[in-house]
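Would you be able to build a 3D model of this:
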Amino acid sequence: MKAQDIQLGGFYDVKVGGRTTVVRIMQPARDGKGGFDAITVAGDKDIRIRSADRIVRRYNPGTKKR
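Okay, here's the model as predicted:
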C-alpha cells in the first residue's frame, strides 16, 4: 500500500516475517524516518512498521485467510 492511503486508527493486515497479522495503526513514527507505530490486535503488542509496503490490505473480518 501507499503511505497516503493509510488512515490512523484503522485496522490493517500486515506482513510480519512469514505471517500476516492484524494491527491498528496508532500514529506516524516519531523518529522522522517514516513508517508507523501500531498495536497488534491479537496480543496488544507495540510494533513499528517501517514501510507502508509491509501493509497488505485494510482488515476485513469477513474474509477467510489461508
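
Now find how far off-centre the lengthiest strand in the chain is within its chain.
Once the chain is assigned using DSSP state E, the strand that runs over the most residues is strand 19-28. Centre-to-centre, strand 19-28 and its host chain are 3 Å apart (C-alpha atoms, centre = their mean, to the nearest Å).

pLDDT of that strand, averaged?
Across strand 19-28, the average pLDDT comes to 94.

Spatially nearest residue to residue 2 (excluding sequence neighbours)?
residue 52 (6.0 Å; C-beta to C-beta, 6 or more residues apart in numbering). Every residue, glycine included, has its C-beta placed from N, CA and C.

residue boundaries of the helices in this structure?
Applying DSSP state H to the chain gives no helices.

where does it dip in pLDDT?
63-66 (pLDDT under 70).

same thing but at 90, please
Residue ranges of the chain with pLDDT under 90: 1-4, 16-18, 29-34, 44, 60-66.

the strands in it, which residues?
11-16, 19-28, 36-40, 46-49, 55-58.

will you turn those into a markdown table that also has mean neighbour count and distance to residue 1?
Supplementary listing: these in a markdown table, determined by neighbours: other C-beta atoms under 10 Å; distance: least, C-beta to C-beta, whole Å:
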| stretch | mean neighbour count | distance to residue 1 |
| --- | --- | --- |
| strand 11-16 | 18 | 8 |
| strand 19-28 | 15 | 11 |
| strand 36-40 | 19 | 11 |
| strand 46-49 | 15 | 11 |
| strand 55-58 | 15 | 5 |
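
about what we covered before: my guess is the residue nearest to residue 2 contacts residue 7. True?
No - counting by C-beta atoms under 8 Å, residue 7 is not a contact partner of residue 52; they are 12.0 Å apart.

Counting neighbours, go ahead and name the busier of those two.
Comparing residue 52 with residue 7 by other C-beta atoms under 10 Å, the one with more neighbours is residue 52, at 16 against 10.

Could you export stretch 32-40 as CSV, CA atoms only?
Written as CSV, here are the backbone C-alpha positions of stretch 32-40 (Å, rounded to 0.1, in the frame of the first residue of the first chain):
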residue,chain,number,x,y,z
GLY,A,32,11.1,11.2,11.5
LYS,A,33,12.3,8.3,9.3
GLY,A,34,8.9,7.4,8.1
GLY,A,35,6.7,4.4,8.9
PHE,A,36,4.0,3.9,11.6
ASP,A,37,3.6,2.9,15.2
ALA,A,38,1.0,0.2,15.6
ILE,A,39,-0.5,-2.3,18.1
THR,A,40,-1.3,-5.9,17.3
